[in-house]
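>>> Quick one: sequence and predicted model below, then my questions.
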Amino acid sequence: MTAHISVYDLLQDSAEHHGDRRAFAQGAKTATYAQLLQDVRLTAQRLGDSGVKAGERVAVYSAKQYETVVMLLAINALGAILVPINPQLKAQQVRHILLDCGARLLASTGPRLRRIEAALTDIELATWSLEKMPLADLNTQANTWLCNAVTDNDPGAILYTSGSTGRPKGVVLSQRNLVAGAQSVAHYLGLRCDDVILGILPLSFDAGLSQLTTALTSGACYAPLDFLQAGEVPTFCEAHGVTAITGVPPLWMQLASVPWPPQTGARIRCFANTGGHMPSPLLEKLRGAFPDALPYLMYGLTEAFRSTYLAPDAALTRPDSIGKAVPNADIRVMRQDGSECAVGEHGELVHRGAFVTLGYWNDPQLTAQRFRAWPRPGLQLSRDETAVWSGDIVYRDHDDYLYFVARSDDMIKTSGYRVSPTEVEEILFAAHDVTEAVAFGVPHPQQGEAIIISVFSHPQAPANANALITLCREKLPTYMVPLHVSIHDSPLPRNPNGKIDRKQLKQQFFEFFSTPLTVTE
């Protein structure tokens, strides 16, 4: 069996054991593991011949197509560092990432390269057109190609965050992070070689990249989809026999609103949520659409991949929990002084283990703030172990299940109280006319911060702002009642990873209470 040091090793192992099985399926395009391995070897050989060396950054800016997958894996096989760029990003954002990471080469499609070429004129950068990538004509030569040797601590990828708090910052993942993360998720999801995994999240997003790497780990088929309308997804799943889906809450809200043919929904073995809390009403809708599927509610951060998951049996009894640590991770709730919180006490989630990344690219100051030595009383180590302080406020119960409270910078400080936006949002999700809801605080002259709610409701069943405020008054203490509810007639804004952009909404209402305002009763 191949030693699993890199993602390329995962591919080699699956090609050895599942060579005739589908590795990729998208419309009429399919490829077996044997074919995928040959194409990856050929492309890696061509990259090396063009001058790309191990450790250099190669950026990929493209939709999820076969050539994109081949290029991602070829970069890993060569020992270069993958920089996947979300295809939704515009020219200036792409330019920032390329300059920040010092990319040696940009692989993209011809139309995308032409759209951003004006922003790249002063950057010394080679380009590679994915349409012209040879895939089968030199397989005989590629058979003898050997990948560059890497260690598990070598950088394997740089994932750039969405940049909602300024310009995107790059998180550096080691080869170990990529492999251990894939193996951990594939294990607790119970993925098998006969599964078909829907690749619906961006490959630039850690959870989207995981959809590919977990397929490689388990010998399953990766079936990627870039869709425009939610109604396209059930049709694609039926055509390709999809059995496993991972999404973020805004995506699940869309998928729960479209009809799923009974045979399509019954084929789904498991579905997983990440990137935010899944409201109980939404979970119940998905249970109805996928009656035989096991739900996995996951929590993670780019700086440490996956931290916790809630197993299907616990999802029935503790749907508000983010679960317990994933395999090969140690999760604690810590005070600011580094001591551990008591049961029920709010503190910061701290993660140690195989998934803790190498830090931020080109930002040692921020790296030092978030990545710190793990306290190991009584143990004398030659080198400190690093843990990542997540910035997320959580608490644990007597059975060691964890509960998310808020991002530390999302907590609302109003009238002397600290309010979790999740608590307010949960009340609104119980209203049948609410599809999406986000709570946030904005400056207020008397209260410090006032609570505002942005709500999207379906045009055929519009929500009423006064009715929602009344509901909050019935269910929440006075200091948690929003002063304003904004009803939107279209889905709330997303960041490039598909999550609702809370900070953008907050910025829109930042000066809302700067002048006297009468709140409608």
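Good, I have the coordinates. This structure is a prediction, so every number in the text was calculated from the model and none was measured. Numbers count the residues shown, from 1 in each chain.

>>> Residue 332 looks like it's in a helix, true?
No: read with DSSP: H, G, I helix; E, B strand; the rest coil, residue 332 is strand and lies in no helix.

>>> Okay, and the beta partners of it?
Applying DSSP bridges to residue 332 yields these beta-bridge partners: residue 350.

>>> Tell me which helix or strand residue 38 sits in.
Following DSSP states H and E, one finds residue 38 within helix 33-49.

>>> For that helix, give the mean pLDDT please.
For helix 33-49, mean pLDDT rounds to 94.

>>> which strands and helices sit next to it?
helix 7-18, strand 22-26, helix 66-78, helix 139-142 (3 or more C-beta pairs under 8 Å, 6 or more residues apart in numbering; DSSP states H and E). The C-beta positions use only the backbone N, C-alpha and C, and glycine is treated the same way.

>>> Whichever helix or strand comes after it to helix 33-49, inter-axis angle?
Next along the chain after helix 33-49, taking DSSP H and E as the criterion, comes strand 57-61. Interaxial angle of strand 57-61 relative to helix 33-49 (axes from the mean of the first three to the mean of the last three C-alpha atoms, to 10 degrees): 120 degrees.

>>> which residues sit against strand 57-61?
47, 52, 68, 71-72, 75, 80-85, 87, 89, 94, 97-98, 101-108, 112, 116, 158, 203 (C-beta atoms under 8 Å, 6 or more residues apart in numbering).

>>> Sort out which of those are in helices and list them.
Using DSSP state H, the subset of these located in helices is 47, 68, 71, 72, 75, 94, 97, 98, 101, 112, 116.

>>> Tabulate these (TSV), appending neighbour count and distance to residue 251.
Below are the ones in helices among the contacts of strand 57-61 laid out as TSV (neighbours: other C-beta atoms under 10 Å; distance: C-beta to C-beta, whole Å):
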residue	neighbour count	distance to residue 251
47	23	33
68	23	20
71	26	25
72	25	22
75	30	27
94	22	23
97	27	23
98	22	28
101	21	27
112	19	23
116	19	26
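
>>> Return the member of the residues you listed nearest to residue 364.
Comparing these against residue 364 with C-beta to C-beta places residue 101 closest, at 15.4 Å.

>>> follow-up on the earlier one: distance from the chain centre to the helix holding residue 38, please.
27 Å (C-alpha atoms, centre = their mean, to the nearest Å).

>>> Just the C-alphas of it, formatted as CSV.
Taking Å, rounded to 0.1, in the frame of the first residue of the first chain, the C-alpha atoms of helix 33-49 are listed here in CSV:
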residue,chain,number,x,y,z
TYR,A,33,-9.1,6.2,-11.2
ALA,A,34,-6.6,4.6,-13.5
GLN,A,35,-7.3,7.3,-16.1
LEU,A,36,-7.2,10.1,-13.6
LEU,A,37,-3.8,8.9,-12.3
GLN,A,38,-2.3,8.8,-15.8
ASP,A,39,-3.6,12.3,-16.6
VAL,A,40,-2.3,13.7,-13.3
ARG,A,41,1.2,12.2,-14.0
LEU,A,42,1.3,13.6,-17.5
THR,A,43,0.2,17.1,-16.4
ALA,A,44,2.7,17.0,-13.5
GLN,A,45,5.4,16.1,-16.0
ARG,A,46,4.5,18.9,-18.3
LEU,A,47,4.5,21.4,-15.3
GLY,A,48,7.9,20.3,-14.3
ASP,A,49,9.1,20.6,-17.9
